[in-house]
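Asks: Could you work out the structure for the sequence below:
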Amino acid sequence: MADNRRDFELEHKLKVIKEIILADVTSYLATASGNQTKHHSKEDKPTYRVLDCNVKLADRFQLGFHAASVMYEAVTNVEDNKNQKLHYIIVKTMPDSAVIRKLQNTPDLFFNESKAYSETIPLLLQMCAVSSDGDLKVERPSRNLSAAHDLFPKCYCVARYSGNEMIVLQNLSIFGYRFGGDRFMLLDYEHIVVALEGLARFHALSYGTKKKDFRSFEERVVAQIRDGRSFVKRRTSDTITEGYKIIIGHVAMMVLDRFNEKQLEEGGLYTEKLERVRRRVESCPELIRELLVPEEPLAVLCHGDFNRNNIMFRYDSDNKPCDVKFIDFQTPFYASPAIDLSFFLFVNASPELWANRWNDMFSVYHRTLLDALSEFLNCSQDTLQSEFSREAFERQFSKCLLYGFLLATCFIVENAADAEKPKMFELYNDGIPTVEELFNIMQEVMNLVGIDVFDRVFPFTAEMVGRIIP
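Replies: Here you go, the predicted structure:
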């Protein structure tokens, strides 16, 4: 009986999704075409009609695991005045389970992502495409602006129905985009360069918009962001929020303790700084909120979950990454650019890259950011140095990299490749666990973590302790 009910609910949901696609995809195509063909007569403008649409439940692991979403794939055959064309679509909806929605804070996550695709990203791109006096910058096409447009999948529509929310996006895998990295989530230097160039252009969109109209940026971007991550919320005391806070702080403290044992055996080089870091981590929730406080002029719209799980690469004929797309804009922050940089580099760069290519990686980001911002503002890079110097960004990184360390250690440990390791969030299958249950299972996870995980975490722990500004 339960299986029949699930089948009926899935069939109904597929029907609803199909109806929304039939109604909204043609509207999107007509609007996009109209923007591109303003010089055409009314009779020349194409009209669109969906001839067919097939929708199915997607394998979310194949598309990249998204715990807060249920994913569907659709193929639509659209006819205009002259041609037929297939459109390959991904549909994200909120989970039906009330427990999962509460656990993942899904309504706020979907609000953020819907706002990002429908309003925020278009605003940033539009603002950086115009000169300071409001005219389109046609005299010098911006290579970086074109590249910034290409960072994001096409969003056909955002729809709401029966208390749920749907985001309809371009299926990037059809165009050759896929997730990079190995099973340990590590990317090689070529992938990291392409990702950092994209991140720099994304951050530069914020700086360009702030320079041109700071009030609009505050009102239409910053003020719209909701706290998507449970551990950031201030006035909640439920076991979900408290569990997140305990897990993050507990894992970080255990890593620091094991690192301390190792470094004492090697002469105790980091002992004093390490003790100061441990004292800060003891107040983990307050520390995270402190690290997320924006400081001008370098505060930026951060992706908030910038790691290889949310980065898709396209490859050239030599199988080298040549293009990149960013997805999953559910947990943005207005904070230091180091929030994105530190988490990405701690999770996705190997100890060897930290040791041998740190300056190169940071230079790629900063050089691309200045290049993009100078185009967006139509000014020389020299005029930007007073506010956006490399030294200023390195100070921000040293000041805020503890955020990346906290999130990265928890992320790496929880996702360690160990089939026997219990998954802490499986506890939620039977309801909301207690704080004690969360603490105990995290202790068990840490005890089962292999030495290879600590071999990976310890080098960037040393980097964090060595670079941090207490």
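
Asks: What ranges does this protein have for its strands?
Replies: 49-57, 70-79, 84-93, 155-161, 164-170, 178-179, 300-302, 311-315, 321-326, 333-335 (DSSP state E).

Asks: Could you look over these and pick the most buried one?
Replies: Ranked by mean neighbour count, the strands of the chain are led by strand 300-302 with a mean of 26 (mean count of other C-beta atoms under 10 Å). All C-beta spots, glycine's among them, are computed from the backbone N, C-alpha and C.

Asks: Paired strands for that strand, with orientation please.
Replies: strand 333-335 (antiparallel) (DSSP bridges).

Asks: chain center to the partner strand: distance?
Replies: 12 Å (C-alpha atoms, centre = their mean, to the nearest Å).

Asks: what's the spacing between residue 204 and residue 232?
Replies: 25 Å (C-beta to C-beta, to the nearest Å).

Asks: Between the two, which has more neighbouring residues?
Replies: residue 204 (28 against 20; other C-beta atoms under 10 Å).

Asks: what about the closest residue to the more buried one other than its chain neighbours, how many residues close to it?
Replies: With C-beta to C-beta, 6 or more residues apart in numbering as the criterion, residue 204 has its nearest non-adjacent residue at 3.9 Å, and that residue is residue 372. Residue 372: 26 surrounding residues under other C-beta under 10 Å.

Asks: wait, residue 202 sits on residue 303?
Replies: Yes: assessed by C-beta atoms under 8 Å, residue 202 is found in contact with residue 303 at 7.0 Å.

Asks: The closest residue to residue 327 other than its chain neighbours and residue 303: what is the separation?
Replies: Distances taken as C-beta to C-beta, 6+ apart place residue 310 nearest to residue 327, at 5.3 Å, with adjacent residues excluded. The gap separating residue 310 from residue 303 is 7 Å, by C-beta to C-beta.

Asks: Need the residues touching each of these two.
Replies: Both residue 310 and residue 303 are in contact with residue 326, where contact means C-beta atoms under 8 Å, 6 or more residues apart in numbering.

Asks: So for those two, which sits in the more crowded spot?
Replies: residue 303 (25 against 20).

Asks: Pretty sure the more buried one sits against residue 329.
Replies: Yes: using C-beta under 8 Å, residue 303 is in contact with residue 329, at 6.6 Å.

Asks: coming back round to it: what sits against the residue nearest to residue 204?
Replies: Here residue 372 is in contact with 144, 145, 147, 148, 200, 201, 204, 208 (criterion: C-beta under 8 Å, 6+ apart).

Asks: And it, what's its pLDDT?
Replies: Note for residue 372: predicted pLDDT of 97.

Asks: any idea how far the closest residue to residue 108 other than its chain neighbours is from residue 249?
Replies: Leaving aside its chain neighbours, residue 108 sits nearest to residue 226 (4.1 Å; criterion: C-beta to C-beta, 6+ apart). According to C-beta to C-beta, residue 226 and residue 249 sit 23 Å apart.

Asks: And the two? Which one has more around it.
Replies: Each of residue 226 and residue 249 had its neighbours counted (other C-beta under 10 Å), and the higher figure belongs to residue 249 (20 against 17).
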